[in-house]
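[1] coords please:
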Amino acid sequence: MNIKKLLKQIVIENQEWVELRYHRRNSLKLQVKNGILTDSVTTTLSGVAVRALVDGSWGFVSTSDLSLEGLRAATAEAVKAAREAGVLKENKIQGLAEIEPVQGNFNLAEEKQNQEEEPDLGRKIKLLMKADGKVRAAGEDIIASQVSYSEFKDSKIIVTAEGVEVEIYDPKCDIGVVAYGARDNQQERAHDSHGVTGSWSKLFADRKLSDFADKAVELVRKRLEAEYVTGGQYQVILDPALVGVLAHEAIGHTVEADFVESGSVVQGRIGEQVASELITLVDEGNIADAAGRVIIDDEGTRSSRTTIIEQGVLKNYLHNRESALKFEAEPGGNARAFTYRDEPLIRMTNTFILPGESDLEEMIAGVEDGFFLKGMAQGGQADSTAEFMFDVLEAYRIEEGKIGRPVKGLTLSGQAFEVLKSVDAVSSDFEFGLGRGYCGKGQAAKVDAGGPYLRCRVKIGGQQ
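    Numbering: from 1, shown residues only. Below you'll find the model as predicted:
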């Protein structure tokens, strides 16, 4: 008997509300450092997650025993756990928001026709070794290199008591190239990266692997040549990569409904003006190629667009089915689990600010004294108050409306909603820019984020 039939049989046998999610993952991790292959790891995991909703409480069990007996035992244990927890639970779950039960097969690969066949493992290693060598061969000022590649090929089957029956194939992969440079007793690090939903051919559809090596070298040399700057409040232009980081880290987490219930800065603020009227921010799972693509989430909910901020007004939070019922909202497909061992959590997918109507050159021309900022370097942090601090990868001084010399050592900080209130121009350009983006929230999740260029005011940290 195949897995789908087994899951359906378990659901039919149970009078309680149950949800079964089969997940098989084939993964590959490759890493080359300074001409040496340091990682070549392939793994396979497979199992079933069982959730039961009984007496207003959840029970969750995962198992790698895919026999009918094993699944029956896991389901009975999940039902028992929910029932026992329900006896003690004070604030019982009132139910789940209704969804239209989805049925069918969904393939997220959507590879373009007539593309070259995906290289085998040996060929991938050779290509990574070649890119790593290209970085170090760029010149005497390049002292070290690193090239990393990872891929997940996920197959899922979700069957629920409400009639959800879906099969999903979801491949994701990413690349990152790092260059280390040294000159005049100083060292710098720079990187270039990219991630997609799809396979190797999709990852390199628009740029060759060698292009990432060239870009990392270019960036590290700019940092070596750059001057340090004095910190203060400045007008800046943020590129789509930094806009994406701001949208995800500093805004997105504050509007996840579980964080909202815990007291995030946006609790009780639906309908308030929280940003400039030029800002509309959304989370949308079903975007082709985007690294955070989700068609059906891990509760069986079809993904849709959730408008979080519309023309500056806070409109919605992000939900799973449980929180959607509490908040009288529509679930948007934001319940995600990294493996079958994990319970679905409320997570972002692809989070971004919509483009505006301004021309980038005119935006730059309107800055008398400020900075043009691109990408996040190694570190950053944000919290439930929407306070954030990010290290900037690439920065240039803007003086009298013209981009000038490169600068370095900058940190970007502020309160995200206050920064968005200061936005006075939004470009018509748009791109996703999170690179190899993963989100951590007790478990990993592949995400993407981006937007247009924004002109706003922020606090810049530099030399005092």
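
[2] let me see the residues that make contact with the helix or strand where Val419 lies.
    Assigned by DSSP states H and E, Val419 belongs to helix 416-421. By Cβ atoms under 8 Å, 6 or more residues apart in numbering, the surrounding residues in contact with helix 416-421 are 246, 250-251, 254, 265, 274-276, 279, 309, 312, 382, 386-388, 456-458. C-beta: built from backbone N, CA, C; applies to glycine.

[3] what residues sit buried inside it?
    If you call a residue buried by 16 or more other Cβ atoms under 10 Å, then helix 416-421 has these buried ones: 416-417, 419-421.

[4] now for these: which two are most distant?
    Ala416 and Lys421 (9.8 Å; Cβ to Cβ).

[5] could you measure Asn105 against Arg341, distance?
    24 Å (Cβ to Cβ, to the nearest Å).

[6] what about these two, which has more around it?
    Using other Cβ atoms under 10 Å, the more surrounded residue of Asn105 and Arg341 is Arg341, with 15 against 10.

[7] for the spatially closest residue to the more buried one that is not a sequence neighbour, the count of nearby residues, please.
    Counting by Cβ to Cβ, 6 or more residues apart in numbering, the nearest residue to Arg341 once its immediate chain neighbours are dropped is Ser62, at 4.7 Å. Using other Cβ under 10 Å, Ser62 is surrounded by 19 other residues.

[8] who does Ser62 bridge with?
    As for beta bridges, Ser62 partners with Ala49 under DSSP bridges.

[9] now do it, the pLDDT please.
    Looking at Ser62, its pLDDT is 98.

[10] equivalent analysis for Val87, please.
    So, for Val87, pLDDT stands at 88.

[11] got it, and the one 3 residues further on?
    Per-residue confidence (pLDDT) for Glu90: 85.

[12] do the same with Gly435
    For Gly435, pLDDT reads 79.

[13] so what's it up against?
    Contacts of Gly435 (Cβ under 8 Å, 6+ apart): 174, 176, 192-195, 241.

[14] sitting in helices, which of these do you find?
    Counting by DSSP state H, the contacts of Gly435 place Ala241 in helices.

[15] ok, and the most crowded of the contacts of Gly435?
    That'd be Gly195 among these, by other Cβ under 10 Å, with 26 neighbours.

[16] just checking, that residue touches Gly433?
    No: taking Cβ atoms under 8 Å as the definition, Gly195 is not a contact partner of Gly433, at 10.6 Å.

[17] could you point out the longest helix in the chain?
    Per DSSP H, the chain has its longest helix at helix 68-88.

[18] and that one, what's buried?
    Buried, per 16+ other Cβ under 10 Å, within helix 68-88: 71-72, 74-79, 81-82, 85-86.

[19] can you give me the strands in the stretch 151-300 of the chain?
    Secondary structure of the stretch 151-300 of the chain (DSSP state E, counting those that start in this stretch): strands at 165-183, 186-197, 227-228, 232-238, 281-284.

[20] surely Ala290 and His194 touch.
    No: in this structure, Ala290 is not within contact of His194 by Cβ under 8 Å, at 11.5 Å.

[21] ok, the helix or strand hosting Phe390: who's next to it in the sheet?
    Phe390 belongs to strand 387-399 when assigned by DSSP H and E. Under the criterion DSSP bridges, strand 387-399 sits next to strand 369-382 (antiparallel), strand 402-408 (antiparallel), strand 411-415 (antiparallel) in its sheet.

[22] lowest-confidence stretch among these?
    Across the strands paired with strand 387-399, the lowest-scoring stretch is strand 369-382, with a mean of 88.

[23] the inter-axis angle of that one versus strand 186-197?
    Here strand 369-382 runs at an angle of 70 degrees relative to strand 186-197 (axes from the mean of the first three to the mean of the last three Cα atoms, to 10 degrees).

[24] so which of the strands of the stretch 151-300 of the chain is the most surrounded?
    The highest average neighbour count among the strands of the stretch 151-300 of the chain, using mean count of other Cβ atoms under 10 Å, belongs to strand 281-284 at a mean of 24.

[25] which strands or helices does that strand pack on?
    If contacts are counted by 3 or more Cβ pairs under 8 Å, 6 or more residues apart in numbering; DSSP states H and E, strand 281-284 sits against strand 305-310, strand 350-353.

[26] distance from that strand to the middle of the chain?
    How far strand 281-284 lies from its chain's middle: 12 Å, per Cα atoms, centre = their mean, to the nearest Å.

[27] show the average pLDDT along it.
    98.
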